[in-house]
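Undergrad: Sequence first, predicted model second:
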Amino acid sequence: MNATNIDIYSTNLMLTEEQMIENKVPEQVIPRIVRLRDIYNYMLRNPLKKDREYIDYIQARYKSDEGTALSRRTAYEDLEILHAIVGSLQQCSKEWHRWRFNNMIMEGYAIAVRREDAAAIAKLAGQYGKYNKLDQEDAHDFNYGQLPKLQFTFDVSYLGFERIPGVRAVMDELIAHYTKSIYKHIKEDADIVEFTEAVELTDSVTEKENEIAKKIEAHADATAIR
């Protein structure tokens, strides 16, 4: 058994014979794929059986091309192929068992519907709903309670800065000054000036800024003394 054979078996395991012919599967391989599919379905129906029990099933159900009982070696090869494709069903997860249980309920439900057995239909529907907890609301716990509470503050000391005494008065003075200054028209000027031009400050503007800076320093010193 090589990787090429495994690819052929895994790709065509669930296809019909007509589809396998369209896929140009070798004629002598198609009967074995059909046999592997039946064995696989048997394994799904009986996931807790041992490998030797699967071998017994294969030998009891299938014959060789000569009409004799299928050899034990061939049966083991079949099982080895399926294990390589779908893994060992003896080590299947709880999720697989859940899926299988739901599948069993649906199979029973289909039989009950065909037989028009209202009692069985109601019982299986109840089991399906109870097992899948369809009568319960889905939990949507986003752990909002674990989010830290936000507190807003204008105290700059929380950021590691020193507080400026009388900062509100300084802000009011600056706002009052610059509102009356030429800076009021700075946006209008910016709309006119091209981005490629360099805007230089005149000596008068620079001098005015120096005066303002001195007033701010004086105001800060006076406030600190008080």
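TA: Cool, got the structure.
Undergrad: I'd like the next helix or strand past the host helix or strand of residue 59.
TA: Using DSSP states H and E, residue 59 maps to helix 51-61. Counting by DSSP H and E, the next helix or strand C-terminal to helix 51-61 is helix 72-86.
Undergrad: for the helix or strand following that following helix, which positions count as buried?
TA: As assigned by DSSP H and E, the chain's next helix or strand after helix 72-86 is helix 94-114. Buried residues in helix 94-114, defined by neighbour count with 16 or more other CB atoms under 10 Å: 105, 108, 109, 112. For the C-beta atoms, the positions are set from N, CA and C on the backbone; glycine is no exception.
Undergrad: residues touching the last one, list them.
TA: For residue 112, the residues meeting the contact criterion (CB atoms under 8 Å, 6 or more residues apart in numbering) are 120, 121, 124.
Undergrad: how about 10 Å then?
TA: With contact taken as CB atoms under 10 Å, 6 or more residues apart in numbering, residue 112 is in contact with 118, 119, 120, 121, 122, 123, 124, 125.
Undergrad: Would you mind listing the buried residues in stretch 71-90?
TA: 74, 75, 78, 79, 81, 82, 89.
Undergrad: Among the residues you listed, which one sits closest to residue 172?
TA: Among these, residue 89 lies closest to residue 172 (CB to CB), at 80.7 Å.
Undergrad: What does the pLDDT read for the closest one?
TA: Looking at residue 89, its pLDDT is 50.
Undergrad: ok, now residue 56?
TA: On the pLDDT scale, residue 56 gets 94.
Undergrad: And residue 35, how far from residue 66?
TA: 16 Å (CB to CB, to the nearest Å).
Undergrad: Looking at the two, which one has more neighbours?
TA: residue 35 (17 against 6; other CB atoms under 10 Å).
Undergrad: Which of the helices or strands spans the more buried one?
TA: helix 30-45.
Undergrad: quick one, what contacts residue 40?
TA: 13, 14, 78, 81, 82, 85, 86, 89.
Undergrad: Next: residue 58.
TA: Residue 58 neighbours (CB under 10 Å, 6+ apart): 35-36, 38-39, 42, 70, 72, 74-79.
Undergrad: let's go with 8 Å and repeat that
TA: Contacts of residue 58 (CB under 8 Å, 6+ apart): 35, 39, 70, 75, 78, 79.
Undergrad: Also residue 42?
TA: 54, 57.
Undergrad: Can you tell me how far it is from residue 57?
TA: 6 Å.
Undergrad: which element is residue 176 on?
TA: helix 167-180.
Undergrad: Alpha carbons only: can I get that helix in PDB?
TA: The C-alpha trace of helix 167-180 is given here as PDB (Å, rounded to 0.1, in the frame of the first residue of the first chain):
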ATOM      1  CA  VAL A 167      -4.200  77.400  35.200                       C
ATOM      2  CA  ARG A 168      -7.700  78.300  34.300                       C
ATOM      3  CA  ALA A 169      -6.900  82.000  34.700                       C
ATOM      4  CA  VAL A 170      -3.900  81.600  32.500                       C
ATOM      5  CA  MET A 171      -6.000  79.900  29.900                       C
ATOM      6  CA  ASP A 172      -8.600  82.600  30.000                       C
ATOM      7  CA  GLU A 173      -6.000  85.300  29.600                       C
ATOM      8  CA  LEU A 174      -4.400  83.500  26.600                       C
ATOM      9  CA  ILE A 175      -7.700  82.900  24.900                       C
ATOM     10  CA  ALA A 176      -8.700  86.600  25.400                       C
ATOM     11  CA  HIS A 177      -5.300  87.800  24.000                       C
ATOM     12  CA  TYR A 178      -5.100  85.600  21.000                       C
ATOM     13  CA  THR A 179      -8.800  86.100  20.100                       C
ATOM     14  CA  LYS A 180      -8.000  89.800  19.600                       C
END
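Undergrad: Alright, I will stop here.
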